[in-house]
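*Asks:* Dropping a prediction and its sequence here:
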Amino acid sequence: MKKSLRFEDLEIWQESMRICKEVYAALKDCKDFGLKDQLQRSSVSVPSNIAEGYERKSKKETAHFFYIAKGSCGELRTQLYLAVSLEYINKEKGSSLINRCASLSVKIYNYIQAMNKRE
């Protein structure tokens with residue numbers, strides 16, 4: 001794994017930003033402001049923690065923030081399940097976002113593992 005020069009170059013950051021934008025778009029007309037806020041916050045947390053971790057000095061600090069981002073993926077998936085069951089997000093869009101979050105979570109974990117193996 002080659003070291004990117006900027007967090008913006010990381011595939012995991014780019015995908016998390018795409019997911020975040022899609023969450024915002026899917027909730028554009030949602031009137032449940034509490035759940036909408038939680039979904040938006042957890043979606044923003046993923047790329048934000050990837051960026052913060054990447055900017056940290058040590059591998060340990062980087063891994064810590066990447067694990068927070070991974071946790072936020074789980075939080076977001078849970079909230080998406082709820083939004084779909086309440087019909088705030090249509091089932092097709094919700095399932096797509098849930099699957100992409102699950103995939104992103106695996107990619108974040110794999111990135112952490114690869115980073116820890118690097119000298």
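*Replies:* Received it, and whenever you're ready, just let me know what you need.

*Asks:* CA only for contacts and neighbour counts going forward, please
*Replies:* Fine.

*Asks:* for the most centrally placed residue in the chain, what are its contacts?
*Replies:* With distances taken as CA atoms, centre = their mean, the residue of the chain nearest its centroid is V46 (3.5 Å). For V46, the contact set (CA atoms under 8 Å, 6 or more residues apart in numbering) comprises 13, 16, 68-70, 72-73.

*Asks:* one more time with 7 Å
*Replies:* For V46, the contact set (CA atoms under 7 Å, 6 or more residues apart in numbering) comprises 16, 69, 72-73.

*Asks:* Quick check: M17 touching S45?
*Replies:* No: using CA atoms under 7 Å, M17 is not in contact with S45; the gap is 10.1 Å.

*Asks:* Would you mind telling me which of the two has the busier surroundings?
*Replies:* More neighbours surround S45 than the other of M17 and S45, with 22 against 18 (other CA atoms under 10 Å).

*Asks:* Would you agree the more buried one is in contact with A69?
*Replies:* Yes: between S45 and A69 there is a contact at 6.5 Å, judged by CA under 7 Å.

*Asks:* Mutual contacts of these two, please.
*Replies:* Common contacts of S45 and A69, defined by CA under 7 Å, 6+ apart, are absent altogether.

*Asks:* now the residue nearest to the centre of the chain: how far from E92?
*Replies:* 22 Å (CA to CA, to the nearest Å).

*Asks:* ditto for R77
*Replies:* Counting by CA to CA, the gap from R77 to E92 is 14 Å.

*Asks:* This protein: helices as residue ranges?
*Replies:* 11-26, 33-54, 59-85, 91-117 (DSSP state H).
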